[in-house]
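*Asks:* Sharing a sequence plus its predicted fold:
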Amino acid sequence: MRSATRQLELSVRVAAQYARTFAAVQQVRRQLVPDTLDDLEAEDWEDDDWEPAPEEQRHRVAALGRLAKLVDAFAVGSIRFATLSRRAGTETDLPAVTDADTSAVGDVLDRMRDIADQRRAGDISAEQAASWLRRAAGELHQHWQQEQLVEANDRPEAVYFAWRLDPAAQHCDECPEYADEVRRSEDWDITPGDLACGTSCRCELEEVAGP
């Protein structure tokens, strides 16, 4: 059994770790989401009549996908905040994302910050914090998957996607039923995140040449 002194040392160490996580999430949110929706709405312009060119839409979805994967990697602890910060700036081309994407990213990072704060306060266990962080990142992952199909459905030609399983993930009973299945974009009425595993899902719809 640990002594009271040793237990206190461990508690202080855990609190410090989550304090760093809390600060990191705040900083990455400021970097990735520099403008609030209120700031965007205050600008004197109407976006209802504006449609980006198809190539810009593809560029945007690709940038969103890279961003979703980076946030996911940060949530599961496979990359550090410094790596996320550096790669988000050099690999994602953040200006390509829209205000809707910005809102989705901001919501996810806000939840990640709240989770870290709860863990720091001792309200939830380390296991709960890790699980909730992964689920929060999964919401951004699902947003990207859905936007992929929306963009593909706007193309004049048929676009096909294959359901891919993450070989490193623990899958629910339903995901393997779709493994490597190929459909046209408009025929995918579900996306990763819609099945039993919810936002814990790490499957992806990958664009392929055809069936």
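*Replies:* Structure's in. What do you need?
*Asks:* how about the helices of this protein, start to end?
*Replies:* Here the chain has its helices, by DSSP state H, at 4-32, 37-42, 54-75, 81-91, 99-120, 126-153.
*Asks:* Pick out the shakiest of those, pLDDT-wise.
*Replies:* Set side by side, the helices of the chain differ in mean pLDDT, and helix 37-42 is lowest with a mean of 44.
*Asks:* Domain parsing of the chain, as residue ranges.
*Replies:* The chain breaks down into these domains under automatic domain parsing: 1-41+51-156, 157-211.
*Asks:* Quick one: end-to-end distance for the last one.
*Replies:* The stretch domain 157-211 measures 14 Å between its terminal residues, going by CA to CA, to the nearest Å.
*Asks:* One more: stretch 154-171?
*Replies:* 31 Å.
*Asks:* ok, now stretch 117-126?
*Replies:* Across stretch 117-126, the terminal residues are separated by 12 Å (CA to CA).
*Asks:* ok, now which ones touch the closest residue in space to residue 142 that isn't next to it in sequence?
*Replies:* Using CB to CB, 6 or more residues apart in numbering and skipping residues adjacent in sequence, the residue nearest residue 142 is residue 193, 3.4 Å away. Using the backbone N, CA and C atoms, a C-beta is placed for each residue, glycine as well. Residues in contact with residue 193, defined by CB atoms under 8 Å, 6 or more residues apart in numbering, are 138-139, 141-142, 145, 199, 201.
*Asks:* how much space between residue 193 and residue 176?
*Replies:* Per CB to CB, to the nearest Å, residue 193 is found 16 Å from residue 176.
*Asks:* same thing with residue 152?
*Replies:* As for residue 152, its distance to residue 176 is 24 Å (criterion: CB to CB).
*Asks:* more crowded one of the two?
*Replies:* Neighbour comparison, residue 152 and residue 176: the larger count goes to residue 152, with 22 against 12 (by other CB atoms under 10 Å).
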